[in-house]
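Novice: let's see this in three dimensions:
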Amino acid sequence: MHKVFVGDKPIILTTKVEQETHFKNYLLDTVNIGKVIKELNKSSLREVRLIHKNEDKLLSKFLKKLPNVIAGGGKVFNDKGEVLFIYRNDKWDLPKGKAERKETIEETSIREVEEETGVEGLEITKPLETTYHIFKRNGRHRIKITYWFEMKTTFNGKLYPQEKEGITKVEWLDKKQSVKALKNSYANIRALV
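Specialist: Numbering: from 1, shown residues only. Below you'll find the model as predicted:
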């Protein structure tokens, strides 16, 4: 099973057909993805489930439905165990961004965290779950595939929000502050933190 978010509502890719309650089932092979996105955005549905008989092909078949944008990001810890958050578009988020040519996804993730926050001396400690969400750019829907990495740093200098990317704040948040921030964040970020 995989989840692809449209805002905070998931499209669930699954092999199981269940009785519809607050969701709708569609066949992955024949679904009109534009219609599904519209339905999630404009109705009280909590989710949509796309069904396919082969578990191994769920994600690859879905990713062919829309153009893909590859991104990398980090859940960064400092020496105090605080997590690095950015504030953009009136939501708390983790730093991430699009991959550039000839760059590994690990290089993308480190570069994007540095650019968006000013934090240096980043070291990847382990890969995290990959997230998927649908967004609209220039009138077209796309799927952002974000590869996440847990990182650590001993950096304790000044934080610099990358304003040209719409980031207005960068902060180290402790556990209690993180819980509060996640109430005003995205579903895929809440799943990571």
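
Novice: packing partners for the longest strand seen in the chain?
Specialist: Longest among the strand segments of the chain by residue count, using DSSP state E, is strand 140-152. Judged by 3 or more CB pairs under 8 Å, 6 or more residues apart in numbering; DSSP states H and E, the packing partners of strand 140-152 are helix 33-42, strand 68-77, helix 105-117, strand 123-127, strand 131-137. Using the backbone N, CA and C atoms, a C-beta is placed for each residue, glycine as well.

Novice: so what are the domain limits for the protein?
Specialist: Following automatic domain parsing, the chain resolves into domains at 2-63, 68-192.

Novice: I'd like the mean pLDDT over the longest one, please.
Specialist: Here the mean pLDDT over domain 68-192 is 96, rounded to a whole number.

Novice: can you give the distance of it from its chain's centre?
Specialist: Counting by CA atoms, centre = their mean, to the nearest Å, domain 68-192 is centred 9 Å from the centre of its parent chain.

Novice: show the end-to-end separation of that domain, please.
Specialist: 21 Å (CA to CA, to the nearest Å).

Novice: re the thing from before, the helices and strands packed on strand 140-152: which one's closest to residue 183?
Specialist: Smallest distance to residue 183 across these (CB to CB): 17.5 Å, for strand 68-77.

Novice: and after that closest one, which helix or strand comes next?
Specialist: The C-terminal neighbour of strand 68-77 among helices and strands, as given by DSSP states H and E, is strand 83-88.

Novice: relative to residue 59, which of the helices and strands packed on strand 140-152 is closest?
Specialist: Between the helices and strands packed on strand 140-152, strand 131-137 lies closest to residue 59; by CB to CB that is 8.2 Å.

Novice: other residues contacting the closest one?
Specialist: 2-6, 11, 37, 66, 141-146, 148, 186, 188-189, 191-192 (CB atoms under 8 Å, 6 or more residues apart in numbering).

Novice: switch to 6 Å and redo it
Specialist: For strand 131-137, the surrounding residues in contact (CB atoms under 6 Å, 6 or more residues apart in numbering) are 4, 5, 6, 141, 143, 144, 145, 146, 188.
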